[in-house]
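Chemist: Compute the structure for the input listed below.
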Amino acid sequence: QVQPVESGGGMVQPGGSLKLSCTDAGEALEHYAIGWFRQAPGKEREAISCISASDGSKYYTDSVKGRFAITRDYAKNTVDLQMNNLEPEDTGVYYCAVGRLFTVLGGCSRSDFGSWGQGTQVTVST
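Modeler: Predicted structure coming up:
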């Protein structure tokens, strides 16, 4: 069973960068769709970015387009989320999720993913 694990969270000033990584000890993530979700304080968990396993499609929510990039590192068995020009509104717990979406061209949502990591905190503050 896939059990993703996130790493790379931390505290950064506005305008800074962080890279989050999602990996699994026993499964090759290249066979799965991967989603990155964010839960800000007092808000629902929302999809930030997703990548399919089948057609290579990627999805970004509007607020992160041009700032975040999702990529696969096949050698390391990770799916990374590079986050640049971070804003205080990006603060929250970031979760990696694993699913079997064929494409993410139409977006992605929590119901598309069955396995979740424990989350990693990202804080953007002065």
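Chemist: what's across from the residue nearest to Trp116 when sequence neighbours are not counted in the sheet?
Modeler: In space, and not counting its chain neighbours, Trp116 is closest to Ala97: 5.0 Å by C-beta to C-beta, 6 or more residues apart in numbering. To be clear about C-beta, it is placed using only N, CA and C from the backbone, and glycine gets the same treatment. Assessed by DSSP bridges, Ala97 has beta-bridge partners Gly35, Trp116.
Chemist: cool, Leu20 as well?
Modeler: Assigned bridge partners for Leu20, using DSSP bridges, are Leu81.
Chemist: Need the pLDDT of it.
Modeler: Leu20 is assigned 98 on the pLDDT scale.
Chemist: ok, now which ones touch it?
Modeler: Residues in contact with Leu20 (C-beta atoms under 8 Å, 6 or more residues apart in numbering) are Glu6, Ser7, Gly8, Gly9, Trp36, Asp80, Leu81, Met83, Tyr94, Cys96, Thr120, Val122.
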